[in-house]
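*Asks:* What would the 3D arrangement of this be:
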Amino acid sequence: METLTLARYILEMSLMEYDIIEERDSLVAAAALLLAIKMKGQPEWVINITILYVFFRHLMLKFDSLNRPKRLRFILAIKKRIFCH
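*Replies:* Numbers count the residues shown, from 1 in each chain. Sure thing, here's the model as predicted:
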């Protein structure tokens, strides 16, 4: 719970930074959570899971914005990267 409270505090402090307004809210929230996790000295696996979640969330947002033909190309490109075929 302390880590979440710290992440919320970091988010509140980020509201004073004008440059951060241009970034996606989910990206800023994820960055604040990662920073809080690092500051609290959480185990490495917690950080890895958080990074993976942010990465897949970003992919899904991008995927939702594509039309059908582009979605298929996007899926094939991801498959090639994951399975190295």
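*Asks:* okay, CA-based contacts and neighbour counts for the rest of this
*Replies:* Noted.
*Asks:* burial measure for residue 37, as a count.
*Replies:* When counting by other C-alpha atoms under 10 Å, one arrives at 21 neighbours for residue 37.
*Asks:* What strand or helix carries it?
*Replies:* helix 25-40 (DSSP states H and E).
*Asks:* From the contact counts, what lies against that helix?
*Replies:* Secondary-structure packing of helix 25-40 (3 or more C-alpha pairs under 8 Å, 6 or more residues apart in numbering; DSSP states H and E): helix 2-14, helix 44-64.
*Asks:* Tell me which of those helices lies nearest to residue 24.
*Replies:* When the helices and strands packed on helix 25-40 are compared by C-alpha to C-alpha, helix 44-64 sits nearest residue 24, at 10.1 Å.
*Asks:* List of residues touching that closest one?
*Replies:* Outside helix 44-64, the residues within contact range by C-alpha atoms under 8 Å, 6 or more residues apart in numbering are 27, 30, 34, 37, 38, 71, 74.
*Asks:* Going by distance to residue 5, which of the residues you listed wins?
*Replies:* residue 37 (10.8 Å).
*Asks:* For that closest one, which non-adjacent residue is closest in space?
*Replies:* Leaving aside its chain neighbours, residue 37 sits nearest to residue 3 (6.2 Å; criterion: C-alpha to C-alpha, 6 or more residues apart in numbering).
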